[in-house]
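# model this:
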Amino acid sequence: MTRPRDKPIKVFVTEEERAEIARLAASANLSLSAYLRAAGLHQQIRSVIDINAVNELAKVNGDLGRVAGLLKLWLAEKRGQGAHPREVERMMKEFRALQKQSHEIMGRMMR
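Numbering: from 1, shown residues only. Below is the predicted model:
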């Protein structure tokens, strides 16, 4: 049960400040009023993670797992025969590219 909140506080801001406060409130899935109340009372404001970024990251992590599994299988099958350095380097470049993509997505999630 919520308490009745009927005592407004006026805050004068510029258009840019209002836009930034609105953006921050939306990123936390809060109304402007709820966001400003939480900020003013020093309550923790948690950001809502973009579900599209989470889905993208899940796909990249799946790709990373498949690459690592293929590398492990390939190395196990080639035990004692050696592996061509170019093939190992190519696979490791793909793995690094996927890791970089994963880090970029995580960076976007944290903004």
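
# Show me the helices in this structure, by range?
15-27, 32-40, 51-77, 85-110 (DSSP state H).

# Select, out of those, the one closest to Lys7.
helix 32-40 (11.0 Å; Cβ to Cβ). For glycine as for every other residue, the C-beta is placed from the backbone atoms N, C-alpha and C.

# on that earlier part again, mind putting the helices of the chain into CSV with distance to Asp6?
Shown next, in CSV, are the helices of the chain (distance: least, Cβ to Cβ, whole Å):
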stretch, distance to Asp6
helix 15-27, 20
helix 32-40, 12
helix 51-77, 35
helix 85-110, 37
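
# Against Glu89, how distant is Ala53?
30 Å (Cβ to Cβ, to the nearest Å).

# Repeat that for Leu64.
18 Å.

# what about these two, which has more around it?
Leu64 (16 against 10; other Cβ atoms under 10 Å).

# Now do the contacts for that one.
Shown in contact with Leu64 (Cβ atoms under 8 Å, 6 or more residues apart in numbering): 95, 98-99, 102.

# Model confidence score at it, please.
Looking at Leu64, its pLDDT is 85.

# so what's the closest residue in space to Arg108 that isn't next to it in sequence scoring on pLDDT?
Spatial nearest neighbour of Arg108, excluding adjacent residues (Cβ to Cβ, 6 or more residues apart in numbering): Ala53 at 5.6 Å. Note on Ala53: pLDDT of 77.

# okay but Ala53 is in contact with Ile105, surely?
Yes: applying Cβ atoms under 8 Å, one finds Ala53 in contact with Ile105, separated by 5.7 Å.

# Pick out whichever of those two has more residues nearby.
The neighbour count for Ala53 versus Ile105, taken as other Cβ under 10 Å, is higher for Ile105 (21 against 16).

# got the contact list for the more buried one?
Ile105 neighbours (Cβ under 8 Å, 6+ apart): 53, 56-57, 60.

# Sounds good, over and out.
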